[in-house]
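K.L.:
Only the shape, not the letters, is given here:
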């Protein structure tokens, strides 16, 4: 019996040892701007990392205005083969006949992710990058982060398309070789006139209908290719000029004319360029100062490797796989900080804010190197309470640590500026932090809201309201719009107004709350409530206030006025004017306006309006407006 027991123990020990020995090893490679995790060949992973650094360097040299250092870090999961990619992104293999991607891009709450198959690297003689879809998303993210406004679609998607086909060789970079599938599309499909291409928005049928997006992308790519390489590169400097004009607030139409000339004058040359059979592209020398061997490498602990992949699954919307890897990581090492970080991301995604907060706090206690964990633990503590000075100092300490860990994460600076304003720190120091945050990510509405709250606390009400209005303009989802509107309605017009303590920050999107009439900024909610309740007198009093606020640039006030006009509540019914306002706000991605417009179209007697109404609801639902999703379920086919 003792021999049997001893044999079983030895067998168990050997089996356990074999299990640990055969566990797939992962290693981390770091450069100045990217981190690669790989289960594949070290040389291939180093080459990929080197290529990414070369592409970043080339983009920076070509477009000085480009914000190449993204606010979130970029983690590259460089996997050895198809099976490894399938384990990371199983959804593609679950669809019969679906795409089997060579690369995947996804943005998580804490960082951007690239998943790339190392075995799909093209030959040195090829002029097509096998990772074009991921490079497209990477460049598009750079463009989004570089401007404090939404870019014209032809420009952002066209430039991202050109740069998506960038190849790095040992001694040179090929930037913008022609993309065969775009050329094929241009030869087989009809082409838009240039003035129509320039006017396409996210609600246009050319963007939303059927195969329209592929056609639009092909034409946008071709036009940007012409601007960069056509006529001997004569317009390349004009692309930079156009970008700078946009960044300075110039209307896109006026910026186009100033940078490139009249649309009709440009169209002929562009059409001729598209019809040719030979296309130029740039050859740039690689940055000799960046070498493969200089990247640091280290093995990744199995628990950390599992937790890191779990975070990727959270970003991909695969909670089942994420939970399984979190549990695996927890068994391997119960004190791995990465496990609690990934768990916090999963819980936050599921709307379990209190549990997520505890997970982030646990990760910080275990010494995580994630700036996001420190940021979320700090801001969750502040948002949940009205803390005393001692608690605020702890929040400040966590935010300072987040800034230290990731000097490029904009929200850490805005949070730190806001908490120091609440602590009564010097205004110059606070404003420097807020300015840094806005410079790092000018398109983030939540950062503008933090700045507005800090300025309110410092009694700079005029500037606080101005920044809050900008936040409302930048808001690209319902949660951000709701919070920006709430903040704008709370900031007093002047110091003589009823004093209010600035509300604690709300950086976690709240549940969607829809009302038939949105509150008019800066006015009593009682007036809005009365109008909603059917008081014609209240609506009559509300309308001029909403119009005045709309003139000042407050978009939600424009929506209030348009709703009243479309329904004839307290004002003469004027559907044409109301619909024009709905359309303008919808084009600016104010999804409540798209939904309101759809409701008005659907309530008419014209069946021809129903496809347009459905398209508007689809846009709003895709944008995250829950009311539109519910309406879409009941919408007639």
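P.N.:
Perfect, thanks for sending it. Keep in mind the model is a prediction, meaning the values are calculated, not measured.
K.L.:
and residue 153, how many neighbours?
P.N.:
Residue 153 is surrounded by 21 other residues when neighbours are defined as other CB atoms under 10 Å. All C-beta atoms are positioned from the backbone trio N, CA, C, and that covers glycine.
K.L.:
ok, it to residue 183 distance?
P.N.:
From residue 153 over to residue 183 the distance is 20 Å, taken as CB to CB, to the nearest Å.
K.L.:
Residue 133 too?
P.N.:
17 Å.
K.L.:
same thing with residue 598?
P.N.:
Applying CB to CB to residue 598 and residue 183 gives a distance of 37 Å.
K.L.:
residue ranges for the strands of the stretch 101-250 of the chain, please.
P.N.:
Defined through DSSP state E, counting those that start in this stretch, the strands belonging to the stretch 101-250 of the chain, from first to last, are 103-107, 112-117, 166-168, 172-175.
K.L.:
Quick one: closest of the ones you listed to residue 539.
P.N.:
Between residue 539 and the strands of the stretch 101-250 of the chain, the shortest gap by CB to CB is with strand 103-107, which sits at 41.9 Å.
K.L.:
mind listing what's buried in that closest one?
P.N.:
By neighbour count on 16 or more other CB atoms under 10 Å, the buried set for strand 103-107 is 103-106.
K.L.:
can you check stretch 58-77 too?
P.N.:
Neighbour-count burial for stretch 58-77, with 16+ other CB under 10 Å as criterion, is recorded at 58-59, 62-63, 66-77.
K.L.:
and that stretch, how far apart are its ends?
P.N.:
One end of stretch 58-77 sits 22 Å from the other (CA to CA, to the nearest Å).
K.L.:
Okay, helices next: where are they in the stretch 101-250 of the chain?
P.N.:
Remark: helices assigned in the stretch 101-250 of the chain by DSSP state H, counting those that start in this stretch are 132-146, 153-164, 180-188, 194-199, 205-208, 212-229, 236-247.
K.L.:
averaging pLDDT over each of those helices, which comes out lowest?
P.N.:
For the helices of the stretch 101-250 of the chain, the stretch scoring lowest in mean pLDDT is helix 205-208; its value is a mean of 80.
K.L.:
list the buried ones in that helix?
P.N.:
In helix 205-208, residues buried by neighbour count (16+ other CB under 10 Å) are 206-208.
K.L.:
mind listing which of the buried residues of stretch 58-77 are in helices?
P.N.:
Filtering the buried residues of stretch 58-77 for membership in helices, criterion DSSP state H, returns 58-59, 62.
K.L.:
Return the set of buried residues in stretch 352-362.
P.N.:
By neighbour count with 16+ other CB under 10 Å, stretch 352-362 contains the buried residues 353, 356-362.
K.L.:
from those residues, which is closest to residue 374?
P.N.:
Using CB to CB as the measure, the one of the buried residues of stretch 352-362 that approaches residue 374 most closely is residue 360, at 7.9 Å.
K.L.:
Go ahead and name everything in contact with the strand or helix carrying the closest one.
P.N.:
Secondary structure here is read from DSSP states H and E; on that basis residue 360 sits in helix 353-365. For helix 353-365, the external contacting residues (CB atoms under 8 Å, 6 or more residues apart in numbering) are 337-338, 340-341, 343-345, 347-348, 370, 373-374, 376-377, 380-381, 384, 398, 401, 508.
K.L.:
Show me which of those residues are buried.
P.N.:
337-338, 340-341, 343-345, 347-348, 370, 373-374, 376-377, 380-381, 398, 401, 508.
K.L.:
Okay, and which of the residues you listed map to strands?
P.N.:
Among the buried ones among the contacts of helix 353-365, no member is found in strands (DSSP state E).
K.L.:
From what I see, residue 571 and residue 541 are in contact.
P.N.:
No: under the criterion of CB atoms under 8 Å, residue 571 lies out of contact with residue 541, with a separation of 10.6 Å.
K.L.:
Which one of these two is surrounded by more residues?
P.N.:
residue 571 (19 against 15).
K.L.:
Relative to residue 546, how far out is that one?
P.N.:
Using CB to CB, which is the criterion applied here, residue 571 is 10 Å from residue 546.
K.L.:
For those two, list the residues in contact with both.
P.N.:
Residues touching both residue 571 and residue 546 (CB under 8 Å, 6+ apart) are residue 564.
K.L.:
how near is residue 598 to residue 143?
P.N.:
According to CB to CB, residue 598 stands 29 Å off from residue 143.
K.L.:
Between those two, which has more neighbouring residues?
P.N.:
residue 598 (27 against 21).
K.L.:
before we move on, back to that, could the ones in helices among the buried residues of stretch 58-77 go into JSON lines alongside distance to residue 227 and pLDDT?
P.N.:
Formatted as JSON lines, the entries for those read as follows, by distance: CB to CB, whole Å; pLDDT from 0 to 100:
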{"residue": "58", "distance to residue 227": "17", "pLDDT": "89"}
{"residue": "59", "distance to residue 227": "16", "pLDDT": "89"}
{"residue": "62", "distance to residue 227": "13", "pLDDT": "86"}
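K.L.:
Return the distance of whatever helix or strand residue 44 lives in from the chain's centre.
P.N.:
With the criterion set as DSSP H and E, the secondary-structure element containing residue 44 is helix 42-62. Centroid separation between helix 42-62 and its chain, computed with CA atoms, centre = their mean, to the nearest Å, is 23 Å.
K.L.:
And it, what's buried?
P.N.:
Neighbour-count burial for helix 42-62 flags 45-59, 62 (criterion: 16+ other CB under 10 Å).
K.L.:
got it, and stretch 218-238?
P.N.:
By neighbour count on 16+ other CB under 10 Å, the buried set for stretch 218-238 is 218-230, 235, 238.
K.L.:
Mark out where each domain of the protein begins and ends.
P.N.:
Following the assignment in automatic domain parsing, the chain carries domains at 387-511, 525-633.
K.L.:
Which single one of the ones in helices among the buried residues of stretch 58-77 is nearest to residue 586?
P.N.:
residue 59 (32.3 Å).
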